[in-house]
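> any chance you can model this:
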Amino acid sequence: MRIILKYYWNKSSFMRWSPSGGQRWGLGLGVAMVIAVTMALVMALTSVAEAQWLPAFGRSRIGTAGFQFLKIQPDARSAAMAGNAINLVNEPGVMFWNPAGLVHGADRPWAGQVNHLSYWSGIRMQSAALARRMGSSDVMAFGLRYLQTGAMPVTTEFQPMGTGQTFNATNTSMGLAYARPLTNRFALGLSLNWIYEQMPDWRVHNATVDMGFRYDIGWREMRLAVGINHFGMNVTPQGRLLRPSLSRTDTLGTFESLAPPTVLRLGLSGLVYRDGEHKIDGVVQLNHPTDQAESLGAAMEYSYRDLMFVRGGYEHQPGVGQWPSWGLGWSLPRSFGNLRLDYAFAGRQGLGPVHRLGVMVAWGSVND
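Coordinates of the predicted model:
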């Protein structure tokens, strides 16, 4: 057995040499094919299998948190990878996942990102992030998320088809992030956020913290990242709500407190294959939310000369009929810096597809 294992290890060595003498990094064709086939089987089987890989510890907690719009993946790149984004770098939008990833952003001193999401039932969501590198290491960033439902009909128990009135709901989140490397491999990040939800008769706001770290293992571009998102206190909505009955209309002015949807994420990413102008990165991620069952995800990103990108991912969550996600990216080097366009497709059974579009721009002198 030891001889067989040694043979296959050498047969699929982690570092190959091309005939021209150049270094060729990869897992070896055999190992790379095994990983690719395994991930394809995982994505296919988990989408239809009833058996649970992870215990559904969170099922008793479903529906116990507010501010649910924070769970919506805000940018196209992370959505194409099914939210397996805690290890992402090279863009300001990583502040929504792990602020520590801002340290290894674009080589330009300024970077901005805008994303648009067309959600179900006419709901729209926009997100934006702006990052500024301070010197050669520290990074500060500002992020904004805004969701609006549009006009929706008012319905009651006695008028389920509508009263003739309409209402709008809005959700807003603004955050300021700071990231700093402590060593050449270890980085920390922190983001302070203000969250606001408004309905016609009530409103609620809260303050939350995102924090995370990222560690470069130093082998095959492997990175370990841990992050906590939406950590904050319970808050109580303010306002008055009318509840009609057969004999009278009651006015409710007391509400139950709401907790933010805190989630702990653990991710491991690394280089799967590299051969000249072709590169494949892979990531696995474990999610532990406070108000839902645990989930496990995996994703890959293929790049050609760092100009064209193909992405795909899947998140397995018990009881959720989620489709595999995929997306495309196109980087356009310009005289002022770099421009990148992103598209993502995702969806869930019974609800239909969701499309996202994103634009990222990096500019400024490299020496700034």
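> when you work out contacts or count neighbours from here on, use the C-alpha atoms and nothing else.
Will do.
> show me what the residue lying closest to Tyr302 once chain neighbours are set aside bridges to in the sheet.
Spatial nearest neighbour of Tyr302, chain neighbours left out: Ile280 (4.4 Å); criterion: Cα to Cα, 6 or more residues apart in numbering. Ile280 has these beta-bridge partners by DSSP bridges: Tyr273, Tyr302.
> in terms of pLDDT, where does Ile280 sit?
Here, the pLDDT recorded for Ile280 equals 96.
> number of residues surrounding it?
Other residues near Ile280 come to 20 when the count uses other Cα atoms under 10 Å.
> touching, it and Ala299? I think so.
No. Here Ile280 does not reach Ala299: they are 10.4 Å apart, not a contact under Cα atoms under 8 Å.
> can you give me the helices in the protein?
2-11, 29-46, 76-80 (DSSP state H).
> lowest average pLDDT across the ones you listed?
Mean pLDDT per stretch puts helix 2-11 lowest among these, at a mean of 41.
> got the contact list for His104?
Residues in contact with His104 (Cα atoms under 8 Å, 6 or more residues apart in numbering) are 89-90.
> any low-confidence regions in the stretch 1-150 of the chain?
1-63, 105-106 (pLDDT under 70).
> how does it look with 90?
1-67, 87-91, 103-109, 118-123, 134-137, 149-150 (pLDDT under 90).
> also the stretch 151-300 of the chain?
151-169, 183-184, 199-202, 218-221, 236-258, 276, 290-294.
> where along it do the strands fall?
With strands called from DSSP state E, counting those that start in this stretch, the stretch 151-300 of the chain shows them at 152-153, 166-167, 170-181, 186-198, 202-216, 223-232, 238-239, 241-244, 249-252, 263-275, 278-289, 295-304.
> could you dump those to TSV with distance to Ser121?
Shown next, in TSV, are those (distance: least, Cα to Cα, whole Å):
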stretch	distance to Ser121
strand 152-153	10
strand 166-167	14
strand 170-181	15
strand 186-198	19
strand 202-216	22
strand 223-232	26
strand 238-239	26
strand 241-244	24
strand 249-252	28
strand 263-275	26
strand 278-289	26
strand 295-304	26
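> can you count the residues close to Phe255?
Neighbour tally, Phe255, other Cα under 10 Å: 14.
> nope, Gly337 is what I meant
There are 18 residues near Gly337, going by other Cα under 10 Å.
> distance of the closest residue to it other than its chain neighbours from Trp219?
When the adjacent residues along the chain are set aside, Gly337 lies closest to Trp363, with 4.4 Å between them (Cα to Cα, 6+ apart). Relative to Trp219, Trp363 is positioned 30 Å away (Cα to Cα, to the nearest Å).
> more crowded one of those two?
Taking neighbours as other Cα under 10 Å, Trp363 and Trp219 compare with Trp363 leading, 18 against 9.
> in this structure that one contacts Arg340, no?
No. Counting by Cα under 8 Å, Trp363 does not reach Arg340; the two are 11.9 Å apart.
> run through the residues that contact Arg240.
201-202, 251-254.
> could you tell me the phi and psi values at it?
Note on Arg240: backbone dihedrals following degrees, to the nearest 10 are phi -130, psi 140.
> which non-adjacent residue is nearest it?
Gly253 is the one closest to Arg240 (Cα to Cα, 6+ apart), at 4.6 Å.
> distance check, the closest residue to Asp75 other than its chain neighbours against Arg124.
Nearest residue to Asp75 in three dimensions, chain neighbours excluded: Asn115, at 5.5 Å (Cα to Cα, 6+ apart). Remark: distance between Asn115 and Arg124 (Cα to Cα) = 11 Å.
> counting neighbours, go ahead and name the busier of those two.
Asn115 (23 against 15).
> that one and Asn168: what is the separation?
Using Cα to Cα, Asn115 is found at 22 Å from Asn168.
> Val263 now?
Using Cα to Cα, we find Val263 at a distance of 28 Å from Asn168.
> neighbour count winner among those two?
When Val263 and Asn168 are compared for neighbours, Val263 comes out ahead with 19 against 14, by other Cα under 10 Å.
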